[in-house]
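# kindly return the folded structure for what I paste below:
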Amino acid sequence: MNANRSASFAIAFLSSVLFFVVPGGAQDGQHRTLDMTVVSPESVGFSAERIERLHAYMKQVIDEKELSGMVTILARHGKVVDYWNYGQRDMASGAPMTKDTIFRDFSMTKPVTGVAMMILYEQGKWLPSDPISKFIPEFAHLKVLKGVDAEGKAELEDPQHAPTMAELMSHTAGFTYGFFGNTPVDRLAIGVPYADKSNIKRWAHTGGGDKRCRGNNWFVPYKTIRSREQQRPHPATFPVELAEQCIKLHGAEAGLVVMDPFVGIGHSAVAAKNCGVGKFIGFEIDGEYLAEAREAVGRQNEE
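From the prediction side, this is the model:
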């Protein structure tokens, strides 16, 4: 890995963990409020010149339209040394990003993992150029997807090089994310057998198989699913009984708290009610789904 590429990786990786801020001194279990007053970088051991490099890189990311907007916070010892906003918060209206913009947070284990990996990097435990297989031997001799044949089956070949730690930490190692479930690799994962087997041979997406692929079973495009009210009105729709069984496995009791990050139409909330769970916490950003979930819980209360 050349010096320029290493520097770019270091800056990009740092940008992914900048918002992980640990206020100093909160060791007694007491809540601490971080003072957001920006102090001199040099007062806590940072370089103002190097922070300007960070600003330039973030601006480049926005200018190249990799992201529409972002907010970064850099802190040390409970002191904020840099607090900046870039780009737009709403591309449709062109409204600029502001420091008080509310974000929906995903993957919040990544900042913790990122900081841990940088600590190990400082200790010399790994290099960006190291192959992943150096630490996880099972990742040796991987194949990559070349394409699909006439029957829709995956064709594999050797990669140009073994995936590296730099690529793994920057989401460029070639592993499918799987969120939409419509890539050939995702569809190789096998699910449950079809209950109705009468049309299996006619379905091109099954390849004549008797089981649902991962893409067909779990990941259905959001816009498509919302128009199919009678089939699956929400991507996270599942039988109430399934959620009940999961709750019972954990020991259904009044003191149990059930949390569902994707409430959808409320089946998990209804299951919690049926099992006598004392508290249910759910999240749903779609107002229509949230209203339907509340109606479902209301009907359950009436019964």
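
# what about the strands in the stretch 201-303 of the chain?
Applying DSSP state E, counting those that start in this stretch to the stretch 201-303 of the chain gives strands spanning 211-213, 257-260, 279-282.

# turn the ones you listed into CSV, including mean pLDDT, distance to Ala48 and mean neighbour count.
Using the backbone N, CA and C atoms, a C-beta is placed for each residue, glycine as well. Conversion of the strands of the stretch 201-303 of the chain to CSV gives the following (pLDDT from 0 to 100; distance: least, Cβ to Cβ, whole Å; neighbours: other Cβ atoms under 10 Å):
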stretch, mean pLDDT, distance to Ala48, mean neighbour count
strand 211-213, 58, 53, 18
strand 257-260, 84, 42, 16
strand 279-282, 86, 43, 15
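
# now render those strands as JSON lines, adding distance to Glu122.
Converted to JSON lines, the strands of the stretch 201-303 of the chain look like this (distance: least, Cβ to Cβ, whole Å):
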{"stretch": "strand 211-213", "distance to Glu122": "43"}
{"stretch": "strand 257-260", "distance to Glu122": "35"}
{"stretch": "strand 279-282", "distance to Glu122": "38"}
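
# which pLDDT value belongs to Glu241?
Glu241 carries a pLDDT value of 80.

# same question for Ala154.
75.

# what are the buried residues along stretch 161-175?
Neighbour counts over stretch 161-175 (16 or more other Cβ atoms under 10 Å) mark Ala162, Pro163, Thr164, Met165, Ala166, Glu167, Leu168, Met169, Ala173 as buried.

# give me the subset of the residues you listed lying in helices.
Counting by DSSP state H, the buried residues of stretch 161-175 place Met165, Ala166, Glu167, Leu168, Met169 in helices.

# grab the nearest non-local neighbour of the second one.
By that I understand Ala166. Leaving aside its sequence neighbours, Ala166 sits nearest to Pro128 (Cβ to Cβ, 6 or more residues apart in numbering; 3.5 Å).

# phi, psi of the closest residue to Leu290 other than its chain neighbours?
Leaving aside its sequence neighbours, Leu290 sits nearest to Glu284 (Cβ to Cβ, 6+ apart; 4.5 Å). Torsion angles at Glu284 (phi, psi; degrees, to the nearest 10) stand at phi -160, psi 120.

# what's around Leu290, how many residues?
Using other Cβ atoms under 10 Å, Leu290 is surrounded by 17 other residues.

# shaky segments in the stretch 51-200 of the chain?
Scanning the stretch 51-200 of the chain for pLDDT under 70 picks out the ranges 152, 177-200.

# and the nearest residue to Val144 once chain neighbours are set aside, how many neighbours?
Nearest residue to Val144, sequence neighbours excluded (Cβ to Cβ, 6+ apart): Pro159, at 4.7 Å. Applying other Cβ under 10 Å, we find 13 residues neighbouring Pro159.

# what does Ile73 give?
Using other Cβ under 10 Å, Ile73 is surrounded by 17 other residues.

# now Ala75: which helix or strand?
strand 69-76 (DSSP states H and E).

# please report how far Met169 lies from Tyr86.
Going from Met169 to Tyr86 by Cβ to Cβ, to the nearest Å gives 22 Å.

# which residue packs closest to Pro96, ignoring adjacent ones?
Gln88 (5.9 Å).

# and the helices in this protein?
With DSSP H as the criterion, the chain has helices spanning 3-17, 48-63, 109-122, 165-169, 214-217, 222-226, 240-249, 267-274, 287-302.

# distance to Ala154 added to these, as a markdown table?
Formatted as a markdown table, these follow (distance: least, Cβ to Cβ, whole Å):
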| stretch | distance to Ala154 |
| --- | --- |
| helix 3-17 | 30 |
| helix 48-63 | 33 |
| helix 109-122 | 29 |
| helix 165-169 | 21 |
| helix 214-217 | 13 |
| helix 222-226 | 24 |
| helix 240-249 | 30 |
| helix 267-274 | 34 |
| helix 287-302 | 35 |
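
# buried deepest among those helices, which one?
Among these, helix 267-274 has the highest mean neighbour count (mean count of other Cβ atoms under 10 Å), at a mean of 22.

# give the other helices and strands that it contacts.
On a contact count with 3 or more Cβ pairs under 8 Å, 6 or more residues apart in numbering; DSSP states H and E, helix 267-274 meets helix 240-249, strand 257-260, strand 279-282, helix 287-302.

# tell me which of the ones you listed sits nearest to Pro96.
helix 287-302 (25.9 Å; Cβ to Cβ).
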